[in-house]
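Trainee: just to be clear, the model below is a prediction. Sequence and coordinates:
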Amino acid sequence: MGKLLEVNNLKVSYHTYAGEVQSVRGVDFSLCEGETLAIVGESGCGKSVTAKSIMGLIQTPPGEIKTGSKIIYRSKSVLDFNKKQLLQYRGAESSMIFQDALTSLNPTMTVGKQIIENITTHNKVKKNVAEERAMEMLKLVGIPDPEIRIKQYPHEFSGGMRQRVMIAIALACNPKLLIADEPTTSLDVSIQAQIIDLIVELQNKLGTAVILITHDLGVVARIAKNVIVMYSGKIMEYGSCDDIFYNSRHPYTRALLNSVPRIDLKNKQDLFQIEGTPPDLLDPPKGCPFSTRCKYCMNICLEHEADKIVFDGDHFAYCWLYDSRAPKVDITQQNGSEVNGD
Amino acid sequence: MVVKLMAIETNSKKDIILEVKNLKKYFYLGKKQILKAVDDVSFSIREGETLGMVGESGCGKTTCGRTCIGLYDKTDGEVLYKGQDVHKMTGKNRTDFTKEVQVIFQDPYASLNPRMTVADIIAEGIDIHHIAENAKDRRDRVYNLLDLVGLNKEHANRFVHEFSGGQRQRIGIARALAVEPKFIVSDEPISALDVSVQAQIVNLLIKLQKEMDLTYLFIAHDLSMVKHISDRVIVMYLGSIVELTTSYELYEKPLHPYTKGLLSAIPIPSPKIERTRQRIKLLGDIPSPINLPDGCRFKDRCHFSKEICKVERPLLKEIEKDHYVACHLF
Amino acid sequence: MNIEALKDFEIIGCEGTDKNVISRPTITYWQDAWRRLKKNKIAITSILVLIALAVLVIIGPTMRHYDYISIKAAEKNTAPNAKYWFGTDNLGRDLYARTWLGARVSMTVALVCTAIQILIGSIYGGTMAYLGGRTDDVMMRIIEFMTSMPSLLVTILVMLVLGNNMFALLIALSVTSWCETARQMRGLILQLKTSEYVLAARALGASPKRIIIKHLIPNTLGILILITASSIPTYIFTEAGLSFLGMGLQPPDISLGILISFGQQSMDFYPYQLFYPALILCITVLAFNLLGDGLRDALDPRLRQ
């Protein structure tokens, strides 16, 4: 499996009236063809900005991608694309779907036109060929009566259907990479399940690699192969799905897993709560970003960012607890002992 | 059609604090379009318990919650708070009611006035009901409330836009607690918050309930969180109750096909379970609540639809002890 | 391992840190808007220009201690010089003083009319929105009736009926202008009425009076400021136009419009008599318009970064 995407030392900042907001502070990861990678984190952790950087959607100014950042797509540097190359890349090689389909779709264009627009921007094809392809896409994403629906406007569709339309537009040119930025957050649970199933089905059919950005750990468990846990602009932990859920090493990952209620557990478990709020990105802390909220914070955590510690295979984390000099602690003890449960 | 009143649990020592009988709330949208947001809903809440109300878009849970506390007028039916009709209260009764019954809203960004300081927002109830004796008493109460919800004294003079979502929600909780209520309707209090912050707020609500002996009506669409915090749960679909039981029973033995489908759709944060579970897929989309057809509302998406489902709306019946379902299968 | 390294790796946890500290200083909505306005150089220049104009309007007429009423035939139509900065008109009167006096009248008319428009408009529109239902419908029909008539025609008719004095002018100018403000206020109040914090206040038992004063009005001040900033130049222009046409104030009253009217008559021979009043008029209107644009950007919450 060839490496489809490689991100190295990505640093993105936004210049605001209050100063420089360091949204992404050095992120490295790679993605192979056909793989599903989930990026998990709280709001403000930099996951959406990372996705936008990969798509070449960061407006500079006020954004700034720092020198030293590299985004390599199939051996080509995305950050060095000229306008023409960027146009060819976006929508045809790499596509993105967003959280709110209603605001992401043009309300004055029919759904069919929007799919066709994507096709004709990237391919020189006759109109009827494009129309046929658009119809195919609607069928592929499971929209009933596509001959009628293709002429309708976005507001005539329900939330779940609109999301399907967005997927149809994104996949119209058969991109190798699909970035889904919180695609199901604003949908009802039963519709969410349908959309997630659809993404998996399409991925199998078309061989698309998917980067899924979400804060819903359940969705991650359902479809991700590998998981990145981000916090305050940096990666805290990376591993396979099983690694992250059953063998997580970083206290933040562990805390996140314990703070989500499980519907399948019989006894009422205590919810672990992580105190406080994420740090201000205008003035990020010197050391580990999670240090001020971590039960296992050590003096060194406040001063220096941790080195990368690799566990077996592709599982790594940035945490001082795994340095040879650190005391041995069992972070599975991190349960909601502060709360008196029933 | 009058639904039979619920059998009152005889082994419960606590009184019933809120009783809803055949509540209807319709919105008339003109051109003969009726939105039956709440259509013949009956339930009761006992003192000290947490009743969860769960459902997807259009199920009417928010409308039901707001109608129960009088923020919306009702179309028909009765809501009795401690035996008194909520929609007929006037004068002193109404004033006492607004002190005893409070609301926490969903959107922490829209539910706080951006022009007021945090202290003014929290003390609004205190000001309206003249609870504080003087300015110093008011200030002390505000500080106590800030402390209670886990914020600092210095936050009192700041403005809402300086706070994060979770902190704003805490301010909203402090505002509700300022009047020393007994019953709080939490209308999707955590939906707009980040995952790790949700745990903070839910734990806070649980803690406050114990310390201040509160009763909650907890409205949300996240069934996992509702199950976690609630004693009993109501599942709503397009304005009707489809199932009502304890939170334990709801997961262990769901009876209504919709409940089963809903539970099946919830992704569980455990890859092994996700890979191997059998899923019940609900067909189609949630229909629009405007101009609902006759018969069972769920018939188009149900795998077990029968002839009678097209014609007659099922009544809520007690199938097992403390377990009510509205379905023709039973 | 040395002792320093051991101490580095000692677990200290996170109990001690105050996790809810907000590091940035507190800033109100108005302070934030002012900060944004300050950055807008054009807006600040406009403010300075308007302050200068305000000062001159107050002290201008009496600054040079020249009599601007009595006729001095000997000094008529003199070009601007060291004595008469703006020259004199055809009756020998100091144009500098007269221009500022005219500006004073024009500004007064504009300010008073704006005040009337805002007051009536916001009370009318707010009442419509708050009460809703039938009352709203009836009040809306009245507005629609009033706006269906061309406002210039109405203004002229009022002047014809009430005469050409200041009082009549004030009534005539504001008689139809409050309608648009009422509409805007109605839209805003309707929107605010359904916001969740108003709902929360009702749940707390707030009386309608409290909701209006504490919740609705403070959130409308931004719009009212914008309406003020854009109404004032409109009134100055309209008054000038009316007086120029002879429909507004009449001599011996002075206003910028009257001065421009006279100046226009002797434009070919004594252009300065037209130039200075017109210049003052244009600068005033331009400054208000640019300030209005700047305020709009500063007060728009969506532009907050």
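Mentor: Cool, got the structure. Residues are numbered from 1 along each chain as shown, chains lettered A, B, ... in the order given.
Trainee: now the residue of the stretch 151-300 of chain C found nearest chain B: which helix or strand?
Mentor: Among all residues of the stretch 151-300 of chain C, C:Gly205 sits closest to chain B, at 3.4 Å; criterion: Cβ to the nearest Cβ. All C-beta atoms are positioned from the backbone trio N, CA, C, and that covers glycine. With the criterion set as DSSP states H and E, no secondary-structure element contains C:Gly205; it sits in neither a helix nor a strand.
Trainee: now for it: which residues touch it?
Mentor: Applying Cβ atoms under 8 Å, 6 or more residues apart in numbering or on different chains, we find C:Gly205 in contact with B:94-95, B:98-99, B:125, B:128-129.
Trainee: element containing whatever residue of the stretch 1-150 of chain B ends up closest to chain A?
Mentor: Residue nearest to chain A within the stretch 1-150 of chain B: B:Glu56 (3.9 Å; Cβ to the nearest Cβ). B:Glu56 is part of no helix or strand, with elements assigned from DSSP H and E.
Trainee: kindly report the same for B:Pro293.
Mentor: Under the assignment given by DSSP H and E, B:Pro293 is not contained in any helix or strand.
Trainee: distance of it from B:Thr62?
Mentor: Spatial separation of B:Pro293 from B:Thr62 under the definition Cβ to Cβ, to the nearest Å is 23 Å.
Trainee: more neighbours: these two, which one.
Mentor: Counted by other Cβ atoms under 10 Å in any protein chain shown, B:Pro293 and B:Thr62 do not tie: B:Thr62 has more neighbours, with 21 against 10.
Trainee: hmm, that one is touching B:Asp187, no?
Mentor: Yes: contact between B:Thr62 and B:Asp187 holds when scored by Cβ atoms under 8 Å: they sit 5.7 Å apart.
Trainee: how about the residue lying closest to A:Arg162 once chain neighbours are set aside, what does it touch?
Mentor: Excluding the flanking residues, the one nearest A:Arg162 by Cβ to Cβ, 6 or more residues apart in numbering or on different chains is A:Ala101, at 3.6 Å. For A:Ala101, the set of contacting residues under the criterion of Cβ under 8 Å, 6+ apart consists of A:154, A:159, A:162-163, A:165-166.
Trainee: which pLDDT value goes with A:Ala101?
Mentor: Model confidence at A:Ala101, expressed as pLDDT, equals 83.
Trainee: can you tell me how far it sits from chain B?
Mentor: Distance from A:Ala101 to chain B, counting by Cβ to the nearest Cβ, to the nearest Å: 14 Å.
Trainee: against A:Ala172, how distant is that residue?
Mentor: Going from A:Ala101 to A:Ala172 by Cβ to Cβ gives 15 Å.
Trainee: before we move on, what about B:Glu56?
Mentor: Here B:Glu56 is placed at a distance of 30 Å from A:Ala172 (Cβ to Cβ).
Trainee: who's more crowded, the two?
Mentor: Between B:Glu56 and A:Ala172, counted using other Cβ under 10 Å, A:Ala172 has the larger neighbour count: 27 against 22.
Trainee: geometric centre of chain B: which residue is closest?
Mentor: Within chain B, one residue has its C-alpha closest to the average C-alpha position: by Cα atoms, centre = their mean, that is B:Ile219, at 2.6 Å.
Trainee: what about the residue lying closest to A:Ser43 once chain neighbours are set aside, how many neighbours?
Mentor: Of all residues beyond its chain neighbours, the one nearest A:Ser43 is B:Asp194 (5.3 Å), with distances taken as Cβ to Cβ, 6+ apart. For B:Asp194, the tally of surrounding residues (other Cβ under 10 Å) stands at 22.
Trainee: was I right to think B:Phe298 contacts B:Val235?
Mentor: No: here B:Phe298 lies out of contact with B:Val235, judged by Cβ under 8 Å, at a distance of 10.9 Å.
Trainee: what parts of the stretch 101-250 of chain B come near chain C?
Mentor: Selection of the stretch 101-250 of chain B residues close to chain C by Cβ under 8 Å from any Cβ of the partner chain yields B:102-103, B:105-107, B:110-116, B:124-125, B:128-129, B:150-152, B:154-155, B:157-159, B:161-163, B:167, B:172, B:175, B:179.
Trainee: so which of these are in helices?
Mentor: Secondary structure assignment (DSSP state H) places B:124-125, B:128-129, B:167, B:172, B:175 from those within helices.
Trainee: quick one: which of those is most hemmed in?
Mentor: Taking other Cβ under 10 Å to define a neighbour, the member of those with the most is B:Arg175, carrying 30 neighbours.
Trainee: nearest to chain C: which residue in chain A?
Mentor: Closest approach between chain A and chain C, counting by Cβ to the nearest Cβ: A:Gly276, at 2.6 Å.
Trainee: I figured that residue hits A:Cys294, correct?
Mentor: No: proximity of A:Gly276 to A:Cys294 does not meet the contact threshold set by Cβ under 8 Å, at 10.3 Å.
Trainee: on the three-state scheme, residue 116 is what?
Mentor: I went with chain A, as the question did not name one. helix (DSSP: H, G, I helix; E, B strand; the rest coil).
Trainee: element containing the residue nearest to it when sequence neighbours are not counted?
Mentor: If you skip the residues right next to it in sequence, A:Ile116 has A:Ala130 as its closest partner in space, 4.6 Å away by Cβ to Cβ, 6+ apart. In this structure, A:Ala130 sits in helix A:127-140 according to DSSP H and E.
Trainee: please state the offset of that helix from the chain centre?
Mentor: In terms of Cα atoms, centre = their mean, to the nearest Å, the centre of helix A:127-140 is set 28 Å apart from its chain centre.
Trainee: tell me the helices and strands packed up against it.
Mentor: helix A:111-122, helix A:146-149, helix A:159-171 (3 or more Cβ pairs under 8 Å, 6 or more residues apart in numbering or on different chains; DSSP states H and E).
Trainee: hmm, 6 Å instead?
Mentor: With contacts defined as 3 or more Cβ pairs under 6 Å, 6 or more residues apart in numbering or on different chains; DSSP states H and E, helix A:127-140 has these neighbours: helix A:111-122, helix A:146-149.
Trainee: would you mark the buried spots in it?
Mentor: If you call a residue buried by 16 or more other Cβ atoms under 10 Å in any protein chain shown, then helix A:127-140 has these buried ones: A:130-131, A:133-135, A:137-138, A:140.
Trainee: can you put the residues you listed in JSON lines and add distance to B:Glu78 and pLDDT?
Mentor: JSON lines is the format used below for the buried residues of helix A:127-140 (distance: Cβ to Cβ, whole Å; pLDDT from 0 to 100):
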{"residue": "A:Ala130", "distance to B:Glu78": "60", "pLDDT": "92"}
{"residue": "A:Glu131", "distance to B:Glu78": "57", "pLDDT": "92"}
{"residue": "A:Arg133", "distance to B:Glu78": "58", "pLDDT": "92"}
{"residue": "A:Ala134", "distance to B:Glu78": "54", "pLDDT": "93"}
{"residue": "A:Met135", "distance to B:Glu78": "54", "pLDDT": "93"}
{"residue": "A:Met137", "distance to B:Glu78": "52", "pLDDT": "92"}
{"residue": "A:Leu138", "distance to B:Glu78": "49", "pLDDT": "92"}
{"residue": "A:Leu140", "distance to B:Glu78": "51", "pLDDT": "90"}
